[in-house]
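S.K.: here's my sequence, what's the structure:
(chains A and B)
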Number of protein chains: 2
Amino acid sequence: MSRSLVVDVHTHVYPPAYMAMLRARKSVPYVHDPAGATPRLIILASDDDPSIPIDERGRPVDSSYYDINVKLAFMQQHGIDCSVISLANPWLDFLVPNEAEEWAKRINDDLESTCAQVNSDTPSSQKKLFAFGTLPLSAPNPEVISNEIKRIKSLPHLRGVIMGTSGLGNGLDDPLLDPVWAALEETQQMMFLHPHYGLPDEAFGGTETTNRYGHVLPLALGFPLETTIAVTRMLLSGVFDRFPKLSILLAHSGGTLPFLAGRIESCIMHERHFVANGGSTPGPQRSIWDVLQSNIYLDAVVYGTAGLKAAVAAAGGSTTRLMFGTDHPFFPPLNEKDEQWASVTTNYKAIQDSFGDDKESVAAILGGNAARILNLN
Amino acid sequence: MSRSLVVDVHTHVYPPAYMAMLRARKSVPYVHDPAGATPRLIILASDDDPSIPIDERGRPVDSSYYDINVKLAFMQQHGIDCSVISLANPWLDFLVPNEAEEWAKRINDDLESTCAQVNSDTPSSQKKLFAFGTLPLSAPNPEVISNEIKRIKSLPHLRGVIMGTSGLGNGLDDPLLDPVWAALEETQQMMFLHPHYGLPDEAFGGTETTNRYGHVLPLALGFPLETTIAVTRMLLSGVFDRFPKLSILLAHSGGTLPFLAGRIESCIMHERHFVANGGSTPGPQRSIWDVLQSNIYLDAVVYGTAGLKAAVAAAGGSTTRLMFGTDHPFFPPLNEKDEQWASVTTNYKAIQDSFGDDKESVAAILGGNAARILNLN
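M.R.: Numbers count the residues shown, from 1 in each chain, chains lettered A, B, ... in the order given. Got it, this is the predicted structure:
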């Protein structure tokens, strides 16, 4: 029986050199090694709570974060043929410019050599690993970033870049990012937009309320909302008007962009501040639906049919822009004996439940779309 | 040709007495009367920007906000047979306890008499107006609120209450609200949950960024996210476990709850802080899907097929929990000569586009569901 190709476009690594750099740090983000226990990754300022014993702060960071063999075993366990790996947050946001420039090169070269090594060990005609590169966003000028984008294009296994929502520190509607968008457009590389900072605790009723429910509010709501806000700011500031061929892949099925797209479009149409409506502020020229159907791709990491149906409807009913992902190594099973990760099987099941009768769409979402869009040969 | 009954469950009024009270105020919220021009409603602290001339602050508030005849004309213009009117934000949040208690009674009596008067003038067998009551949430003790809930039940045209997300000031996961939930459950009345405060400007990159795009970010994203956060906090704190028969109608199709439900459920399942997963914090007992299919109703004010498809999928594929709404008098056409409001026709069209072939579902969403669920006879 022939089986569909399965490609995971949302799967993270912390290369060993990056881990070593985090281990050497004493302020957020950093890695702490408790004696005789799993290292802890303290990634957000709120995780570095002095009232929590340091051995318990942040999250455990085991070999699934940095050992590519653990990733390969996870792929085999879950029927994944090919993964497009990316550095996880916080990327290089916290480094001073010169360090960021140096580390971006080091990490991108590391990703390239890891992919090359694994693929050369693979007898199959389908290569197992590709990667999204990382950018030195704190670089002193956008040319350094653009040059790294061009260099990434020259690395045979890299297929674009992953980026957080802060850009150069002022969000993705910052006009200083135009050379970055231009370089991505010119080299025809994908930008994978991924959250990191979430929302201020005040959005959830303050820090005490936020922490009351563990990580549920920041992870379940803060992350997707951060992505949605970032891409909406790109739209409102005209990024997609100035760079109409930009391709971006949104994490977690767009955060919640597909669901809110209609409301965003309606609010734009009714906004008197915009030139088109008699105001003085330039507004977006292209509709959000056009952008969703021309520039935006979504991963299928949304854990249910409701999200998937919205994602497809937002793409004008097309299943050609949606790509399977896992978010590995995050959301491991609570019971370490579970061989299958519920976070992964939930997404597999959601795809089957949403499009089960339409085998072509299922195959496209599981891997065909990613292979075509990202040229994974 | 027989036409489906059309019911609008999301349509606001500021009764004339409430307007007069806002006119007498000089701090937010207040109404300012520029000489010879439309009055301005200054509703949020951020609208009361001293750098803006006072005659231009906030939004124009014309007779559509307070004159029930304008509402009736709007209904006729848009083919709406019946409206369930509700006081708009900020309700009574800003009043001191005794005032809030007095004003809740006055407004609920006013809503009742308005509905009774209009319906008695209507020869049709279908009554034209019903209402959601308002609560004195700053009352000094929950008994005052519960008593008003019971009194609302005795008013023939009232069908539940509208409520913002702040509750008694600490959100809807506040255990002090239990008597309120108990009274709503006991009297079998709907709670219409509606946003007001949005998100802190920091979520959007600060006040300057927020204001750069007019009201788009707070209205298009802040409002729906506020609702989503509020109902998620209710779920996480066990409100739906303690009050399993509570009925709530979520504004704007749940904010973005249908889209994020899968991620919320996955995050809960993976949250080690919760007792069910070996932690010490009580977590929710019922799944979000169960709550979406037993306790939650959604309006269809989402301006597109993507949102509607997600809303139905989140209800387990059922179209019986979704109810047409307009958000009148907000989002009027920019061109005053437009007889049809685009904000309304967009929602009509989205329902047709999503369920066009399924006439039974269209009729249910347009009015049948509301008539049945809210008993609008």
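S.K.: thought A:Asn377 was touching A:Arg159?
M.R.: No: applying Cβ atoms under 8 Å, one finds A:Asn377 not in contact with A:Arg159, separated by 11.1 Å. C-beta coordinates here come from the backbone N, C-alpha and C atoms, glycine included.
S.K.: more neighbours: these two, which one.
M.R.: For A:Asn377 versus A:Arg159, the count of surrounding residues by other Cβ atoms under 10 Å in any protein chain shown is larger for A:Arg159: 25 against 9.
S.K.: right, and the helix or strand after the helix or strand of chain A with the lowest mean pLDDT?
M.R.: Ranked by mean pLDDT, DSSP states H and E, the helix or strand of chain A with the weakest confidence is strand A:59-60, at a mean of 87. Moving toward the C-terminus from strand A:59-60, the next helix or strand (DSSP states H and E) is helix A:68-77.
S.K.: tell me which residues of that next one come out buried.
M.R.: Neighbour-count burial for helix A:68-77 flags A:68, A:70-72, A:74-75 (criterion: 16 or more other Cβ atoms under 10 Å in any protein chain shown).
S.K.: centre of chain A to the edge, which residue is at the far end?
M.R.: Taking Cα atoms, centre = their mean, the residue of chain A most remote from its mean C-alpha position is A:Gly278, at 37.3 Å.
S.K.: okay, that one: pLDDT?
M.R.: Looking at A:Gly278, its pLDDT is 91.
S.K.: please name the nearest non-neighbouring residue to it.
M.R.: The shortest distance from A:Gly278 to any non-neighbouring residue, by Cβ to Cβ, 6 or more residues apart in numbering or on different chains, is to A:Arg272 (6.3 Å).
S.K.: for the one you found, what are phi and psi?
M.R.: phi -70, psi -20 (degrees, to the nearest 10).
S.K.: any idea how far A:Lys105 is from A:Gly169?
M.R.: Remark: distance between A:Lys105 and A:Gly169 (Cβ to Cβ, to the nearest Å) = 21 Å.
S.K.: quick one: which of these two has more around it?
M.R.: Ranked by neighbour count (other Cβ under 10 Å), A:Lys105 and A:Gly169 place A:Lys105 first, with 16 against 10.
S.K.: in the stretch 1-150 of chain A, which spans are helices?
M.R.: Using DSSP state H, counting those that start in this stretch, the helices of the stretch 1-150 of chain A run over A:16-23, A:68-77, A:97-120, A:142-154.
S.K.: quick one: closest of those helices to A:Asp48.
M.R.: The closest of those to A:Asp48 is helix A:16-23. By Cβ to Cβ, the value is 13.0 Å.
S.K.: packing partners of that closest one?
M.R.: The contact analysis (3 or more Cβ pairs under 8 Å, 6 or more residues apart in numbering or on different chains; DSSP states H and E) places helix A:16-23 against strand A:30-32, helix A:97-120.
S.K.: which residue packs closest to A:His194, ignoring adjacent ones?
M.R.: A:Ala251 (4.4 Å).
S.K.: so how far is A:Met191 from the one you found?
M.R.: Per Cβ to Cβ, A:Ala251 is found 11 Å from A:Met191.
S.K.: any idea which helix or strand comes after the strand or helix carrying A:Ala310?
M.R.: Applying DSSP H and E as the criterion places A:Ala310 in helix A:305-314. The first helix or strand that comes after helix A:305-314 along the chain, using DSSP H and E, is strand A:322-323.
S.K.: packing partners of that following strand?
M.R.: Applying 3+ Cβ pairs under 8 Å, 6+ apart, we find strand A:322-323 packed against strand A:296-299, helix A:305-314, helix A:369-373.
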